[in-house]
Structure formats: structure tokens, C-alpha cells
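# Provided below for reference: sequence and predicted model.
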Amino acid sequence: MREEVVRSDITVVGGGLAGVCAAVAAARLGQTVALINNRPVLGGNSSSEVRVWVCGATAHGTNRYARETGIMGELFTENQYRNPEGNPYFWDLTILETVRAEPNISLFLNTDVHEVEADGDADNRVIRSVTGWMMGSERRIRFESSMFLDCSGDGLVGFLAGAKYRIGREAFSEYGEDWAPEVSDSITLGSTLLFYTKDTGKPVKYVPPTFAKDITQTNIPLRRVIRSGDNGCAYWWIEWGGELDIVDQNERIRDELWSVIYGIWDYIKNSGQFDADNMTLEWIGSVPGKREYRRFVGDYVMKQQDIIAQEPFHDRIGFGGWSIDLHPPQGVYSEESGSKHLHADGVYHIPYRSLYSANVSNLLFAGRNVSASHVAFGTLRVMATCAIMGEAAGTGAALASFMGITPREVGERHLADLQRTMLRQDASIIGLALDDPEDLARSAEVRASSTLAYPVLEKPGAEAHPLTHDTGLLFPVGSCGLGKLELLADVKADTVLRVELWDTGKPENYVPAGLVGEVSVEAAAGEGQWLALPLSWKPEHLQNAFVVIRANDAVSLRHADGTLTGVLTFLKGDKPRVSSAMEDHQPDQPVVQWSMRQLVRKAFCFRALPMGTAEGVGAGEAAAAVSPYAPASVTDGYLRPYGGPHSWVSAPLAEEGEAWLELVWPEPVRFNEIQVIFNDDVNEDLINLHHHFTPFPVIPELARAYRLEVPAPEGDGWVVLAEEAGNRKRNRVHRLAAEAKTSRLRLTVAGTNGGEYAEVVHIGVRV
């Protein structure tokens, strides 16, 4: 047996997405990191061993502009480019290469940490080291650090260190949560095994193992949806173990889940009720995907009320958006629906205080062991949300290690530094502007070759949208206000069209909240006519308008040939999205009522004309200054949509070939780093495996070819500082070989990955 000691600034235990993002975040900030995982691959429940798709704040299209950025965003977009078909092994590689790209990370796979050295009293513990056994290598490794992150899911490190934790459901009396039981208990969410099927093109027999369960003797066929040919994740409801100790009984739970899967497949193959003669089982998981176990106690415990109220915590370091999603304790054998869901009106915020231990001074955590009640945990547990918590915890650990302080002191004394550091990395924080005193771009005037003056999509496509249901149109309104709205419609017979204008309440929301005005307009029969709707609105600041067009069987809206950032379309549904035996959604919740799933990238032809529109509003510097797509958006500090796009959008590139933004300073400045964040449409719901297929490998709105230039010393032409011809990334940081000195810096976009406009979210310039 070989004994080793590994010393690093930070030790991260757990190689799921939370641990990976924590390690990468800390390493990029200059800290040495030991990343330890007890499995042969990274990714946790998303890996090829378990194969759960990565869910997050988008909630599969329920929330708008909610896809994660930062490190999780990089993983999503890189996987989309490399692996659009959702091959689980290629997803493993995407994660592995992200880790291996960081020289400050030392990776230890197949290493099971089961010893912790800690001292101090119960209220003030300190971890000195953790020790693990590297399976297959006979190596016993002791890891020493000043900071430790427990991203193990089950929370073994924190448990052995004496960290305070909870298991099970709190009583209603503890936090006053509507969804909490009257009496506390030890019940948790269960575990799941998944499987893949394959059509072989020829008949395949199936002889079930002796332990396969006869599911016809259970209530499974009556209470769950069973189909041949579904992918494995459609069977997320094959869940069990919530009434057991999910860790102590892990082997028993796995065996029960195996018996259910082989029994379901026997039912599909041999009952004669399915077209499955040519189908075979291609893969069955052997590692149960756990949902819940220990939840550590931090300085703040998130509750159901925080989620639903979208509490804007002063120390917010990320966001979530998945519903509060709780499953019955009996799992697959339950008489209840497979899950019940409670949604906020949009994304919610996560406080830093929920990511470090209340009593172990150098312990942070991220993932499904976060400081939250059982009910709040029902949304925080999904992997993309765990990942952004991991990035925040890794950033907090890096600052604590560098400054020689505790994670708590980072939040109490250096919160602005933490949030600023995260935003500079393009992390997933909504509603906070990057306030960076080192950013020289903040003192520059921003000019542009052109600007889209107001939201407009005039060119019709081939399709029309019948108004069989109430339909929604959302678009941003800038400081110029809204003077008039026009819709392109086909009208079968003379009718009266009813339209309402609503605000969206919170800037992070995309649902109708407050009625601004309503009109009824007469529409004569005729095709391809612009209907003028005399709706006006002058909000105090950039804000989204939600227009409700009431159902009318005589009217169809024309779809546009193209899309536009900040413009969304919705359909008000009258039926549940899935079987009520599978998912129980509250029907009166706005994000459930107003769905955009059927209308993603299917905008309507419309004109949102500003107040005072007459001749010429829409061209020139005056129009650019008041546009919701103004050039000054790139230095306002907002890196994500928030009450509007906060992005510069040029006129169509087809009209001018190239488009440019220019920073102009009154005096020359010196710098050697330029950061550009391009729009990568965070409304597009990407997935790592096979929930749905996205047809393009690169987000179309992203700039493909661009140049960063300064004026030539002779005063004639431009000198290129950096240039890209095949860009497919959102966040680009260019570090110059030599310091530049200039009073003008120009970004020229020469082409996109399919988008019609040049679109830039942020420009930062630093020494």
C-alpha cells in the first residue's frame, strides 16, 4: 500500500457538476485544487454511469431567458457543438476536458474519501485533512488544504467533520411551508435507475431474469405511462427508497429498481400490448441516481417562501428556476402522481449564506447537500442549479483561501468582491449589474455603426398562427416608450379583435402581471393586413411589454421570417402538458398557463413603434440612444436579460455587411485585456443528453467573425489587436501581448453563426 500526501489550496470532494464547477472556478482564480471523485468518470448523475439529463432554471422551456451562463453555460454550449445527438460518453468527455484544461486542478478519479481529520468544539470545527483510497491503485492519499468543499451529494465529508445537517422533511410548524407535512419525519426523495432501448431491425426475444417483478400484480401499469421506444429518462418515475435510509439501503434500493426495470421490460416485450418485437435493452444503469440525503445547515436555510416570492437576497450568487418538484415517498408503487410541482413566476435567487457550514469554519458545499428545507430542496436539487452553486462555492473558497479568511467572512466583509468576481466570469446571477472600478469601458462613450431602433419584424414567413387560444407577444420597451403596436394578420371575416397590454411585474419575469391598457379594434376581412392597435406606454425604465391577443377564430397572425432578441411568443394552454398521473402542476400559475414551447423561435410579424413615431424615428444617434437595443447597453453592467435584453443589436448585417461598436475616451487609456460577451440567446433550452434535439451546433446569434481594432498611429486605417474567424463562444477574453494605449477601441462583427444582427452584451477593458 502506497501512502501519499497531497497539499493544495482547496480540496473538492465530489466530481458531479457541482464539484466540477467549484474546482474550475477556484482554479481559474489562481488557486491549486485537488478534485476527488469516487467514480471513474466525472458528471455525477449526468455521467454515462447514470445518464440523467441536466435540468436547470429553464425547466425545459417553462422559464424564459433562464439558461445558465458561467461554467455550466460553457458545458452546455460546448456539448451542443460536439455532441448534439446527446451521446452520454461524449458528455463525459466534455466535462473531463473542461477539468483537464485547468493546470491548477489535480484530478483524482476512483478515489473514495472516507476519513476526515477535524478539531475544535461543536460550534466551531475546522477540517485539517481528508483521506481517500484510490481503488485499483492501492494508494491511500491524505489531502491537506485550508478550504474544503463537500460536493459529494451524500455529504459524507461534512458529516464526518461534525457539520450540522438535516435528513428528511421538516414539519409545517418549523418554517410555515404550505407543502411541508404536519409532523416531521425522515422521508426523502427516492433513487432512480434508467435504461436505454434499441430497435435492432429484427425480432429479438426477451427472457426475464428470475428476480424480475411481475408488474401486473402491482399498480404500476395503472398509475404510470408505459410505452415502447421511450428513452430512459422518460422513466424517471422508476423511483424507490424514499421511506428507507437512502444511503444505508443503497444496495437494496438498486436491487428493487432492477427488478422493476426488468419487469417493465417483460411487460413491454411479452404482454402483447406493445409494438416491441424488434426492441432490445441496450443499457441498464447499475448506480442508483440519488435525489436526496443530508442537507447541511448554513447561515441561511432556504425555504419554500423564498422560492415562490423570488426573494432578492442581498448576497445572491446564482439563480434557479426548476419547480418545487416533490415525489411521493412510495415512489413507483405510489397511488399518487409521480411528482407534484409548484412554480414561481420566474427564476428565483440563491444566497451565498446557504453554501457554507454554520459550524465548520472552512467547509463549503454545493449540490444536493445545500442548506435548504426539504421543500425548497425540491427545486435546488437539479443539476444545472447545483452547478451554478458549485461555481459560487468555488469562487468563495478561492477568495477565502487567497485572503486567509473564512467563507463566512467573505460574505460578511467582501460580498461585493465575491459578486464582482463572479460577474466578471459571466456567472449566473440575475438583477445585479457588474460594478467593476477596474473596467475602463465604463468611462467611455459608446458609438455604433447602426442600432435597431425599436422591435420590429416585418418580413412574413410561410406560416400563420390561428388565434384558437389566447396568444402572447412579449417585447422590450425602451425609454422612447411604446406609441403604437401593429400586427400582421389574415382575417377571414369582419370581426373585433381584443388586445391587452400588461407589464411583467418583476424584471426577471416574463408573464403578464399588471394591466396597462386594453383595446378592441375592428378588423375587416382580408389577408396580409397590418392591424393598428392604439396601445401606448411610457415606463420609467427599460421594461418588457406582454401583449395578450385574445382568441378569435376569424384571425390568424402571420409568423415572421426570422427572430429578434427580446421578442417571445406564447400560447395560453387549456390542457396539461403531460398525464396528470405523471406530473401534477398547479393550473393557475402564470408560467404554466403561458407556454412558449410550441412557439420557440416562431415570432409574429409586428411593429412596436415608439412614441412620437413619424418620419425618421429609427435612424441616427437620437434613435439609438433611446432604443431598447442601445449601444450603451454594453457598459451598463447587466450581463443577462433583466427587464429587457441589455444588449446592443445592430441593423441587419445584410444591409451593411459589417457592424461595429466603438469605445471613445476623452484621453488615451492603457490596457492589456479586453472582454467581450456576445449574445448566445439564453432563452434557447439546451440539453446534454436526449430530452430534445436542438438543430444547430452553435447558437445562431453568436458572432462568428470579429475584430478588435485601434486607430493606426498614422491616423489612417486600423490596427488589429485580436481577430477571430470561427467563434462559437459567448465569453471571450483577449489578453494582449503588449499594452495598448488609445482613445478609441472598435469591435467589428463581420459575421454571425446564422443570426441576422450583430449582438453584443458586454465589453470590458482592463489593465
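Sure thing, it's come through.

# Just confirm residue 334 contacts residue 223, I think it does.
Yes. At 7.2 Å, residue 334 and residue 223 qualify as touching, with contact defined as CB atoms under 8 Å. In short, each C-beta sits where N, CA and C put it, glycine included.

# ok, which stretches of the stretch 151-300 of the chain are strands?
For the stretch 151-300 of the chain, the strands defined by DSSP state E, counting those that start in this stretch cover 165-166, 191-192, 195-199, 239-240, 279-284, 289-290, 295-296.

# strand partners of the second one, parallel vs antiparallel please.
It stands for strand 191-192. Paired neighbours of strand 191-192 in the sheet (DSSP bridges): strand 239-240 (antiparallel), strand 289-290 (antiparallel).

# To residue 142, which of these lies closest?
Of all the strands paired with strand 191-192, strand 289-290 sits nearest to residue 142, with 27.0 Å by CB to CB.

# Now find how far off-centre the closest one is within its chain.
21 Å (CA atoms, centre = their mean, to the nearest Å).

# Just say which of the strands paired with strand 191-192 is most tucked in.
Highest mean neighbour count among the strands paired with strand 191-192 (mean count of other CB atoms under 10 Å): strand 239-240, with a mean of 26.

# Name the SS class of residue 11, please.
strand (DSSP: H, G, I helix; E, B strand; the rest coil).

# So in terms of bridging, what pairs with it?
Here residue 11 shows beta-bridge partners residue 34, residue 148, assigned using DSSP bridges.

# In this structure it contacts residue 143, no?
Yes. Using CB under 8 Å, residue 11 is in contact with residue 143, at 4.6 Å.

# which phi and psi does the closest residue to residue 488 other than its chain neighbours have?
Nearest in space to residue 488, with sequence neighbours left out and distances taken as CB to CB, 6 or more residues apart in numbering, is residue 605 at 3.6 Å. Backbone torsions for residue 605, taken as degrees, to the nearest 10, come to phi -70, psi 120.

# got any residues that touch both of residue 11 and residue 143?
34, 36, 130 (CB atoms under 8 Å, 6 or more residues apart in numbering).

# picking that back up, okay, the strands paired with strand 191-192 in CSV with mean pLDDT and distance to residue 631 next?
What follows is the strands paired with strand 191-192, written out as CSV (pLDDT from 0 to 100; distance: least, CB to CB, whole Å):
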stretch, mean pLDDT, distance to residue 631
strand 239-240, 96, 51
strand 289-290, 97, 47
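
# picking that back up, and residue 11 and residue 143? Which one has more around it.
In terms of neighbours (other CB atoms under 10 Å), residue 11 is the more surrounded of residue 11 and residue 143; the figures are 30 against 24.

# Okay, that one and residue 498: tell me how far apart.
62 Å (CB to CB, to the nearest Å).

# With residue 229 instead?
With CB to CB as the criterion, residue 229 and residue 498 are 43 Å apart.

# Repeat that for residue 164.
56 Å.

# quick revisit: return the entry from the shared contacts of residue 11 and residue 143 with the maximum number of neighbours.
Most crowded among those, counting by other CB under 10 Å, is residue 36 at 29 neighbours.

# What pLDDT is listed against that one?
Residue 36 is assigned 98 on the pLDDT scale.

# Ranking helices and strands of this structure by mean pLDDT, which lands last?
Least confident helix or strand of the chain, by mean pLDDT, DSSP states H and E, is strand 583-585 with a mean of 63.

# Give me the longest strand you can find in this protein.
strand 731-752 (DSSP state E).

# Okay, buried residues for that one please.
731-732, 740, 742, 744-752 (16 or more other CB atoms under 10 Å).

# what do you get for stretch 285-304?
With burial defined by 16+ other CB under 10 Å, the residues of stretch 285-304 counted as buried are 285, 287-304.

# Of those residues, which belong to helices?
residue 304 (DSSP state H).

# where along the stretch 201-350 of the chain do the helices fall?
220-223, 250-270, 304-309 (DSSP state H, counting those that start in this stretch).

# who wins for proximity to residue 110 among those helices?
helix 250-270 (18.1 Å).

# what sits against residue 428?
57, 68, 69, 70, 72, 73, 318, 319, 388, 391, 640.

# Give me the domain ranges for the chain.
Using automatic domain parsing, the domain parsing of the chain gives 2-168+351-424, 191-290, 440-451+629-766, 456-609.

# quick one: which of those is nearest residue 176?
Smallest distance to residue 176 across the domains of the chain (CB to CB): 10.4 Å, for domain 2-168+351-424.

# Can you get me the start-to-end distance on that closest one?
With CA to CA, to the nearest Å as the measure, the ends of domain 2-168+351-424 fall 42 Å from one another.

# Likewise for stretch 652-659?
9 Å.

# Which parts of the stretch 301-450 of the chain are strands?
For the stretch 301-450 of the chain, the strands defined by DSSP E, counting those that start in this stretch occupy 316-320, 324-326, 339-342, 348-351, 363-365, 445-448.

# I'd like to know which of those strands is closest to residue 234.
Nearest to residue 234, of those and by CB to CB, is strand 339-342 at 13.3 Å.

# quick one: buried residues of that closest one?
Neighbour-count burial for strand 339-342 [16+ other CB under 10 Å]: 339, 340, 341, 342.

# Just send those back as CSV, with pLDDT too.
As requested, these are exported to CSV (pLDDT from 0 to 100):
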residue, pLDDT
339, 92
340, 92
341, 93
342, 93
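
# can you count the residues close to residue 708?
Using other CB under 10 Å, residue 708 is surrounded by 23 other residues.

# With residue 256 instead?
Residues near residue 256, counting by other CB under 10 Å: 24.

# surely it meets residue 240?
Yes. With contact defined as CB under 8 Å, residue 256 and residue 240 form a contacting pair (5.3 Å).

# and which of the shared contacts of residue 11 and residue 143 is nearest residue 487?
Checking these one by one against residue 487 (CB to CB), the nearest turns out to be residue 36, at 57.5 Å.
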